[in-house]
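A.B. asks: Structure of the sequence below:
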Amino acid sequence: QVQLVESGGGLVQAGGSLRLSCAASGRTSGIYTMGWFRQAPGKEREFVAAVSGSGRNTFYADSVRGRFTISRDNAKNTVYLQMNSLKPEDTAAYYCGRAGSGSVYYARDYDYWGQGTQVTVSS
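C.D. replies: Residues are numbered from 1 along each chain as shown. Now for the predicted structure:
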């Protein structure tokens, strides 16, 4: 089993920044692609960003490219999401996941999830 714990969410004004963290524990042997998704009330979980196991390759949704940066520290088993220039439409619960087989862009292809951390951006 793998446990993922997100932290760093909160309330911020539009234009502000937050840094989310996702700490992995348990059977973390092996290096996997990790991703961030978000889900607003009444909406489906949507892809935000992903980072390959080595950290060399990153993937972003068009809506966040240029504002968000995903990174990882494998020595700490932690993945980060730096969010800048936040907008009210970024308000959602943010989830960290470990990619299994398949595409990094689809939630169905992730095999472990954290419990989520709420991000609220006020206008």
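A.B. asks: How many residues are close by S7?
C.D. replies: Here the number of neighbours of S7 (other CB atoms under 10 Å) works out to 14. Every residue, glycine included, has its C-beta placed from N, CA and C.
A.B. asks: R67 now?
C.D. replies: When counting by other CB under 10 Å, one arrives at 15 neighbours for R67.
A.B. asks: just S63 next, same as before
C.D. replies: S63 has 15 nearby residues by other CB under 10 Å.
A.B. asks: Check the one 10 residues further on too.
C.D. replies: Other residues near D73 number 11, with proximity taken as other CB under 10 Å.
A.B. asks: list the contacts for it?
C.D. replies: D73 is in contact with Y80, counting by CB atoms under 8 Å, 6 or more residues apart in numbering.
A.B. asks: Is it correct that F47 falls within a helix?
C.D. replies: No - read with DSSP: H, G, I helix; E, B strand; the rest coil, F47 is strand and lies in no helix.
A.B. asks: If we ignore the residues flanking it in sequence, what's nearest it?
C.D. replies: Leaving aside its sequence neighbours, F47 sits nearest to Y105 (CB to CB, 6 or more residues apart in numbering; 4.8 Å).
A.B. asks: so that neighbour, which of the three states?
C.D. replies: Following three-state DSSP, the label given to Y105 is coil.
A.B. asks: quick one: it and G35, what's the gap?
C.D. replies: 8 Å (CB to CB, to the nearest Å).
A.B. asks: Check the contact lists of the two and give me the overlap.
C.D. replies: Common neighbours of Y105 and G35, using CB under 8 Å, 6+ apart, are 47, 50, 59.
A.B. asks: Tell me who's in contact with the residue positioned nearest the centre of the chain.
C.D. replies: Centre of the chain computed as the mean C-alpha position; nearest residue by CA atoms, centre = their mean is W36, 2.2 Å away. Counting by CB under 8 Å, 6+ apart, W36 touches 20, 22, 48-50, 70, 79, 81, 94-97.
A.B. asks: A strand includes it, no?
C.D. replies: Yes - W36 forms part of a strand when assessed by three-state DSSP.
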